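Q: take this sequence and fold it.
(one chain, ligands or ions: 1)
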Amino acid sequence: MSDLIKKVTEATAKLEQETPASPEALENFRIQYLGSKGLVKAFMEEMRNVPNEQKREFGQAVNALKQQAEARFQEIKAALEANAEQASARQLDLTAPGEPMPLGSRHPISITMNRIIEIFSRIGFVVADGPEIEHDWYNFTAMNTPEDHPARDMQDTFYVVDAPGMLLRTHTSNVQARVMTTRKPPIRIIAPGRVYRNETISARSHAQFHQVEGLFIDKEVSFADMKQTLFYFAQEMFGAPKIRLRPSFFPFTEPSAEMDVWLGTDTEENYRLTKGTGWLEILGCGMVDPQVLENCGIDSREYSGYAFGMGIERQALRLYNIPDIRLLFENDVRMLRQFSAAI
Ligand code: PHE
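A: Numbering: from 1, shown residues only. Predicted coordinates:
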């Protein structure tokens, strides 16, 4: 046997000893045997130097080397792939605890609103609900604010272009009108919800905000009943020792008043909040205008009532020391999750 053939059979025998243990080593193996500058190629090029009578034997030996190198390559490749699969299967630990679901928290507006609801429900008020996209009649006309009434300017809002007469409610008083037209007195409700006004958005006001309104209708309801109820609320919500009612105007109440609660000026915060007066303005209220009762089909000679309405945002800002109203509507969880403990 010529030296060349001997070299080929030696290479073939050596090949069987090789066990590349990584994808990189396997690639080196492939290049070494089967690459364009590899052994098989080099032996092929020797063919022309082999004497004719040995060409056949030499060719068969090189072919065997090539086939074995390919077989070995495939065999090791499959083994490496199987190993890798097993390794990743080992990394998947089915007994490991799952990804924790982030826990939400209540929005400061909801917390404040729930507190107000809770205080009034203790004295028999029940929650009533109504639509935010409302018919003009429930929002304005029924509430004694007919078209062209100047009081509409105080509550400019957003109108639905494609639906004449429809608007975003400016107060939750629409719920008053809806309840009065569908239920018989006595009526004792509070109406929490979102309302809208066409206002410039700033640190102190927003084009959307929240209110809680209250309505009480029965026989012989007096201004004194209203005052005592609101005083109870001021004590429960603010710990206020006294309240003050100032004359005001609303188209749907007569007489009307604004209520201030006494916070005092002892702390720097209260001084700032009350602008040095000690009084914080909290809500509007009054005796339901007989015209409103009539508009809603309630006999104003038989029944009387009072109503009140307050914004939630300012109370929430005060309760949680939040400096800017816009923070309440940006939905930034870094801000919102701070209130989870306060539920
Ligand atoms: N609806 C009034 C407002 O939004 C508040 C209010 C309600 C006043 C009920 C009096 C009685 O400004």
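Q: from residue 16, how far out is the closest residue to residue 130 other than its chain neighbours?
A: In this structure, residue 130 finds its nearest non-sequential neighbour in residue 175, 3.8 Å apart by CB to CB, 6 or more residues apart in numbering. C-beta: built from backbone N, CA, C; applies to glycine. According to CB to CB, to the nearest Å, residue 175 and residue 16 sit 89 Å apart.
Q: before we move on, what about residue 289?
A: For residue 289 relative to residue 16 (CB to CB), the value is 105 Å.
Q: so residue 315 makes contact with residue 109?
A: No. Between residue 315 and residue 109 there is no contact under CB atoms under 8 Å: 9.4 Å.
Q: ok, the two, which is more surrounded?
A: residue 315 (23 against 19; other CB atoms under 10 Å).
Q: residue in the stretch 201-343 of the chain nearest to the ligand?
A: Closest approach between the stretch 201-343 of the chain and the ligand, counting by CB to the nearest ligand atom: residue 309, at 2.7 Å.
Q: which one of residue 289 and residue 16 has more residues nearby?
A: Comparing residue 289 with residue 16 by other CB under 10 Å, the one with more neighbours is residue 289, at 21 against 9.
Q: is it true that that one touches residue 254?
A: Yes. Counting by CB under 8 Å, residue 254 is a contact partner of residue 289 at 4.6 Å.
Q: just give the closest residue to residue 156, not the sequence neighbours.
A: residue 198 (4.3 Å).
Q: burial check on the one you found, number of neighbours?
A: 12.
Q: surely it meets residue 158?
A: Yes. Taking CB under 8 Å as the definition, residue 198 is a contact partner of residue 158 at 6.1 Å.
Q: give me the common contacts of the two.
A: residue 207 (CB atoms under 8 Å, 6 or more residues apart in numbering).
Q: pretty sure residue 190 sits in a strand.
A: Yes. Under DSSP: H, G, I helix; E, B strand; the rest coil, residue 190 sits within a strand.
Q: beta partners for it?
A: residue 127, residue 214 (DSSP bridges).
Q: so what sits opposite the nearest residue to residue 246 once chain neighbours are set aside in the bridge?
A: Among residues not flanking residue 246 along the chain, residue 258 sits closest, at 4.8 Å (CB to CB, 6+ apart). In this entry, residue 258 is beta-bridged to residue 246, residue 284, by DSSP bridges.
Q: buried stuff in stretch 183-199?
A: Within stretch 183-199, the residues that count as buried by 16 or more other CB atoms under 10 Å are 185, 187-193, 195-197.
Q: what about that stretch, how long is it end to end?
A: 34 Å (CA to CA, to the nearest Å).
Q: is the ligand within reach of that stretch?
A: No. Residues of stretch 183-199 are not located near the ligand by CB under 6 Å from any ligand atom, the shortest gap being 7.1 Å.
Q: next one: that stretch to chain centre, how far?
A: Centroid separation between stretch 183-199 and its chain, computed with CA atoms, centre = their mean, to the nearest Å, is 25 Å.
Q: quick one: average pLDDT of it?
A: With pLDDT averaged residue by residue, stretch 183-199 scores 94.
Q: how about the closest residue to the ligand within the stretch 101-250 of the chain, secondary structure?
A: In the stretch 101-250 of the chain, the residue that lies nearest the ligand is residue 171 (3.4 Å; CB to the nearest ligand atom). Three-state assignment for residue 171 (three-state DSSP): coil.
Q: neighbours around it, how many?
A: 24.
Q: give me the number of residues near the residue nearest to residue 246?
A: Close neighbours of residue 258, defined as other CB under 10 Å, add up to 17.
Q: test my guess that it contacts residue 279.
A: No. Using CB under 8 Å, residue 258 makes no contact with residue 279, being 10.1 Å away.
Q: SS state for residue 280?
A: Quick answer, by three-state DSSP: residue 280 is strand.
Q: could you give the bridge partners of it?
A: Residue 280 forms beta bridges with residue 261, as assigned by DSSP bridges.
Q: before we move on, what about residue 196?
A: Beta-bridge pairing for residue 196 (DSSP bridges): residue 208.
Q: need the contact list for it.
A: Residues in contact with residue 196 (CB under 8 Å, 6+ apart) are 132, 157-158, 168-170, 207-208.
Q: what's the residue in the chain sticking out farthest from the centre sitting at in phi/psi?
A: Centroid-distance maximum for the chain: residue 53 at 86.1 Å, with CA atoms, centre = their mean. When quoted as degrees, to the nearest 10, the phi and psi of residue 53 stand at phi -70, psi -20.
Q: quickly note the distance from it to residue 2.
A: Distance from residue 53 to residue 2, by CB to CB: 10 Å.
Q: likewise residue 309?
A: 110 Å.
Q: could you do residue 163 as well?
A: From residue 163 to residue 2 the distance is 100 Å (CB to CB).
Q: more crowded one of these two?
A: More crowded of residue 163 and residue 2, by other CB under 10 Å: residue 2, with 13 against 10.
Q: what's the neighbour count on the residue nearest to the more buried one when sequence neighbours are not counted?
A: Leaving aside its sequence neighbours, residue 2 sits nearest to residue 54 (CB to CB, 6+ apart; 5.7 Å). Residue 54 is flanked by 14 other residues according to other CB under 10 Å.
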